[in-house]
Each structure stands twice: as C-alpha cells, then as structure tokens.
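>>> have a look at this prediction, sequence included:
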Amino acid sequence: MAGLDPQYVISGLVKRGVPLHVAQGVTARLNGESRLDPGINEVSPTVAGSRGGFGLAQWTGPRRKQLEAFAADKGVPVNDPEMQLDFLMWENANTEKGAWQKVLGAQDAVQAAEFFTNHWERPGVPHLDATLATARKYAGITAEPNMPQNALAGPEGMSVQQGQNALAQMQAPQMQWVDMRADPSAFMNRRNSLGMG
C-alpha cells in the first residue's frame, strides 16, 4: 500500500479527538517512521531475530503483537489505516497514557512532533531535524471537514467527549506483558506459549 495523504491522517486523528496542532505533529513523526504507509514492514530490523517495526508507527516487539491482536479482534487486516489510528488512540488511553499526556501538553505542531518522538515513539535514532521540518510543513494543513466517519467517531454531530467515551469502551487485546529487561527467559517462555517459538 502506498503512503497515505498527510491530510487523511491529520483528519483521522482530529476526528478521534486529537487537537489539530497535535495531530499535525504526530503525523509528521509518523511520516518519518513509515512514510505514512500502513503496510510497511521494517526492512532491516535493528533488534536481531525480530520481525521489525510495522505500520504507520512502526510498532515493534510487544507493541506490534498487540497491534496484531487488536486487528484480529476487530476482524480487519493489520494494514488497515483506520484500525491503526484506532490502535494508536487505544495506546494513548492505556499503555502510552503517560507519554500521550506529555504530547498533549505541546504548544504547537513542532513541539508536538518533538514530544511524540521523544516520549511516545522513543526511537533509537530519532532523526528529529527532518521530523520537525515536516511538522512545520504540516502546520498549515487543516482538518478535512468531510472525511468519512469511522466506527469510533460515530455519526455526524458526535461530540469529542462522546468520541472519547467510545474510545474508553474499546477492549484491550488479551495479552500478558512481560518485562524482558527483568527476566529474558520469561519473554522466551511467553513467546513459545503464543506459538511463536
């Protein structure tokens, strides 16, 4: 799948209750991660033996597995862009809640891109200069008013608060988190129990 139009991603985030300047900054970072291609898979994984990052945010390791479980639960392909935006918002309300609160504190698109990179994405090599330049470019993009609604956003006229309530009702994939730093053997045991060994 080719990369999405930045307008589509920005609008999709705004429809999910993200402030416009934050949506612009997040989209700038996602562009740096995946060129906004929801089906892209990391070519040369930096973690030996891993399948690499996948999708808009290049979800890796346990986060990738959770993305795949989320897609399976919704009955859609893992490269579905609407599902990936829903999953990003699920993480924001759950596993990445603390990081997301920092991103929401950004004053403009450039700062949102920086906070999203440093606190939410946490890449090994951030390439922040390119991300911030893209954020400056995207700061002029407004939310598209007639973007088709998705299941999370609901019908026309739904308030942001109602959209957030719908997000809160989303079910987490049934996964057990293992702290690989504390006990590497526990990770391998968990991986084997999932049939990934």
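Yep, that arrived. Please read all numbers here as calculations on a predicted model, not as lab measurements. Numbers count the residues shown, from 1 in each chain.

>>> contacts and neighbour counts: CA atoms only from here.
Fine.

>>> could you pull out the helices in this structure for me?
Shown for the chain, the helices assigned by DSSP state H span residues 6-15, 20-34, 62-74, 81-93, 97-104, 109-115, 128-138, 160-168, 184-193.

>>> any idea which of these is most buried?
Between those, the one whose residues have the most neighbours on average, counting mean count of other C-alpha atoms under 10 Å, is helix 20-34 (a mean of 28).

>>> show me what that one is packed up against.
Contact here means 3 or more C-alpha pairs under 8 Å, 6 or more residues apart in numbering; DSSP states H and E; on that basis helix 20-34 packs against helix 6-15, helix 109-115, helix 128-138.

>>> report the angle between the last one and helix 20-34.
Counting by axes from the mean of the first three to the mean of the last three C-alpha atoms, to 10 degrees, helix 128-138 points 130 degrees away from the direction of helix 20-34.

>>> contacts for helix 128-138?
Here helix 128-138 makes contact (C-alpha atoms under 8 Å, 6 or more residues apart in numbering) with 6, 24-25, 27-29, 31-32, 109-110, 113-114, 117.

>>> thinking again about what came up before, pick out the shakiest of the helices of the chain, pLDDT-wise.
Note on the helices of the chain: lowest mean pLDDT is at helix 160-168, with a mean of 42.

>>> TSV please, covering the helices of the chain and showing distance to Glu42.
Supplementary listing: the helices of the chain in TSV, determined by distance: least, C-alpha to C-alpha, whole Å:
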stretch	distance to Glu42
helix 6-15	20
helix 20-34	9
helix 62-74	12
helix 81-93	16
helix 97-104	23
helix 109-115	21
helix 128-138	18
helix 160-168	29
helix 184-193	20
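
>>> ok so, going back, what's the closest of the helices and strands packed on helix 20-34 to Ala71?
Nearest to Ala71 among those is helix 6-15; the distance by C-alpha to C-alpha comes to 17.4 Å.

>>> show me what the closest one is packed against.
Secondary elements touching helix 6-15 (3+ C-alpha pairs under 8 Å, 6+ apart): helix 20-34, helix 81-93.

>>> tell me what angle the longest one forms with helix 6-15.
Counting by the same axes, to 10 degrees, helix 20-34 points 130 degrees away from the direction of helix 6-15.

>>> hmm, back to that, of all the helices of the chain, which lies closest to Leu56?
Among the helices of the chain, helix 20-34 comes nearest to Leu56, with 5.3 Å by C-alpha to C-alpha.

>>> with just CA atoms, put that closest one into CSV.
The C-alpha coordinates for helix 20-34 follow below in CSV (Å, rounded to 0.1, in the frame of the first residue of the first chain):
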residue,chain,number,x,y,z
LEU,A,20,-5.3,19.9,15.4
HIS,A,21,-1.7,21.0,16.2
VAL,A,22,-1.0,17.7,18.0
ALA,A,23,-2.4,15.8,15.0
GLN,A,24,-0.1,17.7,12.7
GLY,A,25,3.0,16.9,14.9
VAL,A,26,2.1,13.3,15.3
THR,A,27,1.5,12.9,11.5
ALA,A,28,4.9,14.5,10.9
ARG,A,29,6.6,11.9,13.1
LEU,A,30,4.6,9.0,11.6
ASN,A,31,5.7,10.3,8.2
GLY,A,32,9.3,9.9,9.4
GLU,A,33,8.6,6.4,10.7
SER,A,34,6.7,4.9,7.8
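
>>> good, we can wrap up now.
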